[in-house]
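**Q** I'd like to go over a predicted model; first the sequence, then the structure.
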Amino acid sequence: MTPQTLLHILYLVAIVAEAMTAALAAGRREMDWVGVFLLGCVTALGGGSVRDVLLGNYPLSWVAHPSYLIVTGGAALGTVFLARVMDHLRQVFLFLDAVGLVVFTVIGCNVAIGLGLPVIVVIAAGMITGCVGGVLRDVLCNEVPLLFRAELYATVSILTGLLYVAGPLAGLPQPLTMAIAMAAGLTLRLLALRFGWSMPKFVYTQDLH
Amino acid sequence: MTPQTLLHILYLVAIVAEAMTAALAAGRREMDWVGVFLLGCVTALGGGSVRDVLLGNYPLSWVAHPSYLIVTGGAALGTVFLARVMDHLRQVFLFLDAVGLVVFTVIGCNVAIGLGLPVIVVIAAGMITGCVGGVLRDVLCNEVPLLFRAELYATVSILTGLLYVAGPLAGLPQPLTMAIAMAAGLTLRLLALRFGWSMPKFVYTQDLH
Amino acid sequence: MTPQTLLHILYLVAIVAEAMTAALAAGRREMDWVGVFLLGCVTALGGGSVRDVLLGNYPLSWVAHPSYLIVTGGAALGTVFLARVMDHLRQVFLFLDAVGLVVFTVIGCNVAIGLGLPVIVVIAAGMITGCVGGVLRDVLCNEVPLLFRAELYATVSILTGLLYVAGPLAGLPQPLTMAIAMAAGLTLRLLALRFGWSMPKFVYTQDLH
């Protein structure tokens, strides 16, 4: 199995996991089944879609592979019936969500690298791919995005992207770089979850306007 | 009158109706006149714009036909003065909104068909065109989108799209297919409004995080 | 110094000012440092990005000039430490924010003019560039956008755009037109702030649905 094949399999696992967590968010807002389906698609595929729109990278993944819509929407719908079981699989889902974050990040970086874009844009593309799906989910659920408030989520994505672009500069081969970047990001995310690590918050109470 | 001309006239009726209902939403949030104008434009033209951006289909309709901005923004502004009258026309507006939904859907499907995209993407393009304007309206009004919660709105759009792509496969001529798809969608929407039909809801109260 | 150079310097001042006010909004929502950084980038660069995506004008500015991401994100982060000082500079920031509005508007108009687009789209492009960053900031902070509710913000942008496209039609040279449009917009905005001017509001309390 080539690294690309492995990455693709991990991508499929990741979009399913993201769609399923989106379904739980939909359930907390008492959305109907169609809402669950749609929020699953938007959350799982939204990060990559926003990245491609911002970079002018057409066609979007779900336009080229419409089955992704069925897979993610279907996974979200299935969650309606599996939600009770999923409570017992909380640890598994947090792990898959963390895997999804680093996988999305590496795939986003790859797209920007393939377009010959500068390093900062490569890291931004990775972070957009990894994080924007969750931002769209939170905005559609009428919440301040978790990304801006908690849990080193964006930080993990930025670290993964930084290591991924730094590896080749340090002479490391591509597959090894990918493994290191993903392992480091995943480790940081799991440690942050385990020990409740977070970035310092900025609390400001004056009103400028 | 060709089917295309009829569809275009219905499109103009639909964007005016969508802009006017958006104006009422703006009024419930006590927006100012500029806010009313802008929310009218975004609601009426936002679904088609998001579809075209996602499909890379440039120029957007209001860039090619800037008068749409004046028509929709003007209709929204006019609603400020007609709101009292509109209360008595509630049924008319719900009907025009339902017409708009199926017209937008068919137009969105047509765009995707014209780009040679697969069936699932055609249906998705129809639904994005029909539904995303209302989602943008609700997000800008700081509400969980109605689409995800109520009234078979997305379901009607998906049904319309399904019938519209199924017709030619069943050997039906294009104008007849269009008529059947729109009539079926419109009927389902009006029945849903009349009898309060809705999809089952997914209610989930655990916190995954 | 050419008008273009001056406009570019003003643009850099404007994106820094927008990023810093975004940081204060982030602080009111108790976002963490990464959230502050990201909200600064989105607010300062979001208007231009949405304009370019809607017009199909690639690459986006921050893709071509990734340093903008560092400048705006860095300015937002710096605000975490300068917030106490900024309270005393309230007037300065409101002034810089007003400068940013007219500068963004003129730059947005220039982009649309360069693409050969019609006058209405030129004005819309100016307004999108000037106003959408703040809309994204408010949506991500889970608030009804200030733009739709207050302070002649969009009106100032539309006036600036109108004067900017009217000048050449009246035979005025380009640099003079730019100066007049920006001065008029800035004056209106400062007067609106000083005297609390606002557009009339539309208040509607019925429920259509």
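**A** Here it is on my side, so go on. Numbering: from 1, shown residues only, chains lettered A, B, ... in the order given.

**Q** near chain C, which residues of chain A show up?
**A** Taking CB under 8 Å from any CB of the partner chain as the contact definition, chain A meets chain C at A:53-56, A:117-121, A:124, A:135, A:139, A:142-145, A:147-150, A:152, A:154-155, A:158, A:198-209. Placement of C-beta: from N, CA and C, glycine included.

**Q** can you list which of those residues are found in helices?
**A** Taking DSSP state H, the ones among these that sit in helices are A:53, A:54, A:55, A:119, A:120, A:121, A:124, A:135, A:139, A:154, A:155, A:158.

**Q** how close does the third one get to residue A:15?
**A** When you say that, I think you mean residue A:55. 19 Å (CB to CB, to the nearest Å).

**Q** tell me which of the two has more neighbours.
**A** residue A:15 (27 against 21; other CB atoms under 10 Å in any protein chain shown).

**Q** is that one in contact with residue A:45, as I believe?
**A** Yes: proximity of residue A:15 to residue A:45 meets the contact threshold set by CB atoms under 8 Å, at 6.7 Å.

**Q** shared neighbours, the two?
**A** The contact sets of residue A:15 and residue A:45 overlap at A:68, A:72 (CB atoms under 8 Å, 6 or more residues apart in numbering or on different chains).

**Q** look up the closest residue to residue A:104, ignoring the ones flanking it.
**A** Nearest non-adjacent residue to residue A:104, counting by CB to CB, 6 or more residues apart in numbering or on different chains: residue A:130, 4.2 Å away.

**Q** for that neighbour, give me the pLDDT.
**A** With respect to pLDDT, residue A:130 has a value of 94.

**Q** quickly find the element holding it.
**A** helix A:119-140 (DSSP states H and E).

**Q** what's the nearest residue to residue A:10 if we skip its chain neighbours?
**A** residue A:103 (4.5 Å).

**Q** any idea which helix or strand carries the one you found?
**A** In this structure, residue A:103 sits in helix A:90-114 according to DSSP H and E.

**Q** by contact count, what packs against that helix?
**A** Identification of packing neighbours for helix A:90-114 by 3 or more CB pairs under 8 Å, 6 or more residues apart in numbering or on different chains; DSSP states H and E yields helix A:3-28, helix A:33-55, helix A:119-140, helix A:153-169, helix A:174-195.

**Q** orientation of that helix relative to helix A:3-28 in degrees?
**A** Counting by axes from the mean of the first three to the mean of the last three CA atoms, to 10 degrees, helix A:90-114 lies at 130 degrees to helix A:3-28.

**Q** so what's the nearest residue to residue A:120 once chain neighbours are set aside up against?
**A** Spatially, and ignoring its direct neighbours in sequence, residue A:120 is nearest to residue C:66 (3.6 Å; CB to CB, 6+ apart). Residues near residue C:66 by CB under 8 Å, 6+ apart: A:118, A:119, A:120, A:121, A:124.

**Q** what does residue A:154 give?
**A** For residue A:154, the contact set (CB under 8 Å, 6+ apart) comprises A:127, A:130, A:131, A:147, C:34, C:35, C:38.

**Q** thinking the fourth one is in contact with residue C:36, fair?
**A** It refers to residue A:147. No: in this structure residue A:147 lies outside contact range of residue C:36 using CB under 8 Å: 12.0 Å.

**Q** surely residue A:86 meets residue A:79?
**A** Yes: taking CB under 8 Å as the definition, residue A:86 is a contact partner of residue A:79 at 6.8 Å.

**Q** ok, for residue A:94, nearest residue in space, not its chain neighbours?
**A** Nearest one to residue A:94, counting by CB to CB, 6+ apart, is residue A:193 at 5.9 Å.

**Q** hmm, I was thinking of residue A:150
**A** Leaving aside its sequence neighbours, residue A:150 sits nearest to residue A:198 (CB to CB, 6+ apart; 5.9 Å).

**Q** give me the neighbour count for the one you found.
**A** Other residues lying near residue A:198 total 16 when counted by other CB under 10 Å.

**Q** from residue C:110, how far out is residue A:152?
**A** Relative to residue C:110, residue A:152 is positioned 40 Å away (CB to CB).

**Q** what's the farthest-apart pair in the ones in helices among the residues of chain A next to chain C?
**A** The distance between the two most remote of those (CB to CB) is 28.9 Å, for A:119 and A:139.

**Q** these two - which one has more neighbours?
**A** Legend: neighbour count by other CB under 10 Å for residue A:119 and residue A:139, higher for residue A:139 (19 against 16).

**Q** who's in contact with residue A:106?
**A** Neighbours of residue A:106 in contact, by CB under 8 Å, 6+ apart: A:7, A:126, A:160, A:164, A:178, A:181, A:182.
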